[in-house]
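**Q** dropping a prediction and its sequence here:
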Amino acid sequence: MTVRTRFAPSPTGYLHIGGARTALFNWLFARHHGGEYLLRIEDTDRERSTQEAVDQILDSLAWLGLSPDEPPVFQAQREARHREIAEALLAMGKAYRCWATPEELTEMRERAAAEGRPPRYDRRWRDREPGPEQAGKPFAIRIKAPLEGETIVPDLVQGEVRVANGELDDMIILRSDGTPTYLHAVVVDDHDMRITHVIRGDDHLTNTFRQCMVYDAMGWHRPHFAHMPLIHGADGAKLSKRHGAVSVLDFREQGFLPDAVGNYLLRLGWGHGDEEFIPRDRAVTLFDIKDVGRAAARMDYAKLTHLNGQYLRLADDDALTRDVLERLAKRTVLFGTDGAKRVRMLMPALKERAKTLEELTGAAVFAVQDGPPVMEAKAEALLTPEAKARLADLAAFLQTAPWERSDLDQWLRDYCEVKGIKLGQVAQPLRAALSGSTTSPPIDAVLWALGREEATLRILAGAS
RNA sequence: GUCCCGUUCGUCUAGAGGCCUAGGACACCAGCCUUUCACGUUGGCAGCACGGGUUCGAAUCCCGUACGGGACGCCA
């Protein structure tokens, strides 16, 4: 049987990093087994669901390379089917009508809390026929939970999880307004979508017992379950905005590459020996749900950043240049005539020195603009009278230098030898004049990319 | 409160009874490389939550405690 997995977010907000990891594991599991990976938008909460959130989720998944293999299923559109199954259960005697009012239920819960019992519906309508006063009154449909025995769920991550059936409630599957509840809709949808493996966050672990009631009552095969631990913030608490970036789109904006985010997320709670750098295709072959850890993991931005640097160094120079130019434009930096070309020329050197696209963008500003760069204080300090004199001298000699990337380095060394100075003595003031900073790509690369004319202009400006 | 799940360096993890003097990665510190910064490289710091068992032998198995997380809605 073909493996089919699904990612089922509810569109009540942006896709956060925890959801992204759930999607990734579903995707990897499906790919590893040559199966299909689907998306279901759980939009049954009309109050909180928005089209904007749906678009953001789709956008985030596409960015991560986790778009579904089939068009997304919208849960709200399947209401009739959910109702049909609820009524079938009723007809089979596996569910019943309940006329208990919200007030009655609240009272039940409060009394239970006061007596130290778990809050539970008392099943008052399970075996009771409606009287005349119920006529025309709205009712909910509740499923009959098994009274004895226990429910065992073999979980692919957590192992065998079991609970005494006495702990289970007669949960509502159809509300009194005729709409299905989440726990019921999920089961019907997963069954209809022929999902073979339900991989989700372990906040759903105990819900699984309740969902099993529906599978069992309908006589449907239960899918395999795998509940993965949640991601926490650096302080161990549930991940939230105060921990920094949580939305997938935030990571994109901050200059992380989707491959790096994917690799990081994969290693969070999953490992394969000592391997750390695991590109997507390698992940597909290695991934085994059984290797997923059982404990919650904390988000570590430093490690993500490090990994991002590794992917950045391997990234395509043209693609990086495009991205950086876009970011520069967004920063409203003024492009020089040859600005874009210079950024591209320096990209191989630039990307070795950055860990994120934002950092890369900052490092490219001096190259894209025309004219003397904005001087950092530390760079300014390098331009002593002595250094300025040297720059002026160098500018004159530079007019006859060969302007090739491969020749400039040697030419500079020769120049220093003739003048009897160390390379560092000329390189640093030169770096300051050309880039306005004390750090930059190798100075010969900067000279080469800037071109003789622009370089001369900046050196003379620095010398005066 | 009841039920479910978890606990190896600061963080992510390797580890399926002897291979463990507990390995790797990030972070941190020091050295090397070097025209700056990075990269790279060498070394260092640092951990089996605690208490009982079982066993010739336990990070690994069992029980308990502590701590953490999750679920208990006519929310998803």
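**A** In hand now; what should we look at?
**Q** can you pull out the strands in the stretch 101-250 of chain A?
**A** In the stretch 101-250 of chain A, the strands defined using DSSP state E, counting those that start in this stretch lie at A:140-143, A:150-155, A:159-164, A:172-174, A:197-201, A:224-228, A:231-232.
**Q** just put the ones you listed in CSV and tack on mean neighbour count.
**A** Where C-beta positions appear, they are placed from N, C-alpha and C, glycine not excepted. Below are the strands of the stretch 101-250 of chain A laid out as CSV (neighbours: other Cβ atoms under 10 Å):
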stretch, mean neighbour count
strand A:140-143, 23
strand A:150-155, 16
strand A:159-164, 12
strand A:172-174, 25
strand A:197-201, 22
strand A:224-228, 22
strand A:231-232, 21
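**Q** could I get those strands in CSV, plus columns for distance to RNA strand B?
**A** Shown next, in CSV, are the strands of the stretch 101-250 of chain A (distance: least, Cβ to the nearest atom of the strand, whole Å):
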stretch, distance to RNA strand B
strand A:140-143, 4
strand A:150-155, 8
strand A:159-164, 4
strand A:172-174, 4
strand A:197-201, 8
strand A:224-228, 8
strand A:231-232, 7
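**Q** can I get the ones you listed in TSV including mean pLDDT?
**A** Listed next are the strands of the stretch 101-250 of chain A as TSV, based on pLDDT from 0 to 100:
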stretch	mean pLDDT
strand A:140-143	94
strand A:150-155	90
strand A:159-164	88
strand A:172-174	94
strand A:197-201	94
strand A:224-228	93
strand A:231-232	86
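**Q** isn't residue A:408 right up against residue A:402?
**A** Yes: the pair residue A:408 and residue A:402 qualifies as a contact (Cβ atoms under 8 Å) at a distance of 7.3 Å.
**Q** these two - which one has more neighbours?
**A** More neighbours surround residue A:408 than the other of residue A:408 and residue A:402, with 21 against 9 (other Cβ atoms under 10 Å).
**Q** and the host helix or strand of the more buried one with RNA strand B, contact?
**A** For residue A:408, the host element (DSSP states H and E) is helix A:405-419. Yes: judged by Cβ under 7 Å from any atom of the strand, helix A:405-419 comes into contact with RNA strand B at residue A:409.
**Q** please apply the same query to stretch A:364-374.
**A** No: if you take Cβ under 7 Å from any atom of the strand as the test, stretch A:364-374 misses RNA strand B, and the best it gets is 11.9 Å.
**Q** how far does that stretch sit from the chain's center?
**A** Taking Cα atoms, centre = their mean, to the nearest Å, one finds stretch A:364-374 lying 34 Å from the centre of the chain it belongs to.
**Q** my read: residue A:378 touches residue A:439, true?
**A** No: under the criterion of Cβ under 8 Å, residue A:378 makes no contact with residue A:439, lying 9.3 Å away.
**Q** what sits up against the least confident helix or strand in chain A by mean pLDDT?
**A** Using mean pLDDT, DSSP states H and E, the weakest-scoring helix or strand in chain A turns out to be helix A:102-114, at a mean of 82. Applying Cβ atoms under 8 Å, 6 or more residues apart in numbering, the contact partners of helix A:102-114 are A:100, A:118, A:119, A:120, A:121, A:122.
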